[in-house]
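Colleague: Need coordinates for the below:
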Amino acid sequence: MTSAGFDAKFLGTLAGIPVLSESGAADAVELDGSTTIDYTHFSLAMSKSRRFASWVAWNIDGGELKALSRSNIPFVKDPRVPAEFQVGDELYRDNRLDRGHLARRADLCWGPKAEAQKANRDSFFFTNITPQMDDFNQSTKEGLWGRLEEAVLADVDVDNLKVSVYGGPVFNVDDRLFRGVAIPREFYKAIAFVVNGELRCSAFLLTQNLVLAEALDLDEFRVFQVSLTELEKRVNLTFPAELHAADTASVQLLDETERKPLDSLSDIRW
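Modeller: Okay, here's the model as predicted:
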């Protein structure tokens with residue numbers, strides 16, 4: 001299986017992939033000598049210890065999106081990646097955990113039909129999946145997290161309707177264990193786009209406080225707009241310099257406890 005992967009020049013200006021820290025690189029799965037694993041319209045890096053992607057980067061061509069069905073596409077482990085470094089169906093049976101796409105399936109389905117169909121199938125590899133509560137996007141936030149990409153295309157005059165997105169789970173040492181798997185409770189997303197020839201990047205952090213007992217429960221769900229610098233304190237990677245220069249959250253609160261979660265898409269500073 002060969003795929004072009006994430007295109008760093010997709011926006012017409014350079015917006016590359018994250019760079020793993022020394023410890024992150026040591027923990028990453030290597031494929032053909034690289035820690036970057038390519039798929040159709042997206043690329044990712046896998047953590048051996050956590051068995052989830054540490055980052056996923058994907059391109060969206062808003063003018064070429066295709067409405068494709070997800071029916072009859074199975075979730076499967078990527079045969080190129082050792083099975084022991086991927087979490088599969090054994091985690092998700094008979095509980096409220098959903099197989100949550102990191103790179104959204106709908107974001108990837110663009111281009112010529114055959115290419116869009118391949119991207120659709122590629123999105124179902126477990127390398128692109130993390131456990132998320134079944135009401136992850138149906139909370140009081142009315143799907144805020146899942147609609148960020150649509151929001152920037154709708155609310156901002158994005159050049160050529162093209163967007164690049166970076167996302168993944170935050171691996172915390174105190175993440176709760178369920179069926180022997182540490183379940184991420186925080187996720188990040190950074191959205192890069194160009195307006196009038198100028199690169200911009202807006203970053204977000206989602207926290208889902210999980211109560212993991214016999215019954216899985218979601219007791220709180222919040223989305224914050226943050227800076228890339230703040231995100232880098234939580235993950236084993238750094239974002240490209242060009243994204244830092246384009247960060248729309250350049251004014252940081254000195255006290256993070258003062259920051260309020262986003263109540264609606266209109267609260268976002270694009």
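Colleague: nearest residue to residue 115 other than its sequence neighbours?
Modeller: residue 40 (6.5 Å; Cβ to Cβ, 6 or more residues apart in numbering). Where you see a C-beta, it was placed from the backbone N, CA and C, and this is true even at glycine.
Colleague: Could you pull out the helices in the stretch 151-270 of the chain for me?
Modeller: 228-232, 241-245 (DSSP state H, counting those that start in this stretch).
Colleague: Using CSV, write out every CA atom in the last one.
Modeller: Read it as helix 241-245. Extracted as CSV, the C-alpha positions of helix 241-245 are listed here (Å, rounded to 0.1, in the frame of the first residue of the first chain):
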residue,chain,number,x,y,z
ALA,A,241,8.2,27.3,13.0
GLU,A,242,5.9,28.6,10.2
LEU,A,243,2.8,27.5,12.2
HIS,A,244,4.1,29.2,15.4
ALA,A,245,4.6,32.4,13.4
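Colleague: ok, the closest residue to residue 49 other than its chain neighbours - contacts?
Modeller: Leaving aside its chain neighbours, residue 49 sits nearest to residue 27 (5.3 Å; criterion: Cβ to Cβ, 6+ apart). Residue 27 is in contact with 47, 48, 49, 50, 54, 236, counting by Cβ atoms under 8 Å, 6 or more residues apart in numbering.
Colleague: mind redoing it with 7 Å?
Modeller: 47, 48, 49 (Cβ atoms under 7 Å, 6 or more residues apart in numbering).
Colleague: repeat for residue 77
Modeller: Counting by Cβ under 7 Å, 6+ apart, residue 77 has contacts 83, 86, 88, 126.
Colleague: Quick one: which of the contacts of residue 27 is the most crowded by neighbours?
Modeller: Greatest neighbour count in these, by other Cβ atoms under 10 Å, goes to residue 47: 20 neighbours.
Colleague: measure it to residue 203 for me?
Modeller: 20 Å (Cβ to Cβ, to the nearest Å).
Colleague: Output the helices of the stretch 151-270 of the chain as TSV; include the columns mean neighbour count, distance to residue 117 and mean pLDDT.
Modeller: Putting those into TSV (neighbours: other Cβ atoms under 10 Å; distance: least, Cβ to Cβ, whole Å; pLDDT from 0 to 100) gives the following:
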stretch	mean neighbour count	distance to residue 117	mean pLDDT
helix 228-232	20	33	94
helix 241-245	15	30	96
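Colleague: Tell me the spacing between the residue nearest to residue 222 when sequence neighbours are not counted and residue 87.
Modeller: Using Cβ to Cβ, 6+ apart and skipping residues adjacent in sequence, the residue nearest residue 222 is residue 261, 3.9 Å away. Distance, residue 261 to residue 87, by Cβ to Cβ: 28 Å.
Colleague: beta partners for the closest residue to residue 243 other than its chain neighbours?
Modeller: Distances taken as Cβ to Cβ, 6+ apart put residue 201 closest to residue 243, at 4.5 Å, once the chain neighbours are dropped. For residue 201, the beta-bridge partners are residue 192, residue 247 (DSSP bridges).
Colleague: Check the one 4 residues further on too.
Modeller: In this structure, residue 205 has the following beta-bridge partners (DSSP bridges): residue 188, residue 224.
Colleague: That one and residue 33, how far apart?
Modeller: 32 Å.
Colleague: ok, the two, which is more surrounded?
Modeller: More neighbours surround residue 205 than the other of residue 205 and residue 33, with 20 against 5 (other Cβ under 10 Å).
Colleague: List the contacts of the more buried one.
Modeller: Counted by Cβ under 7 Å, 6+ apart, residue 205 has contacts 186, 188, 224, 226, 231.
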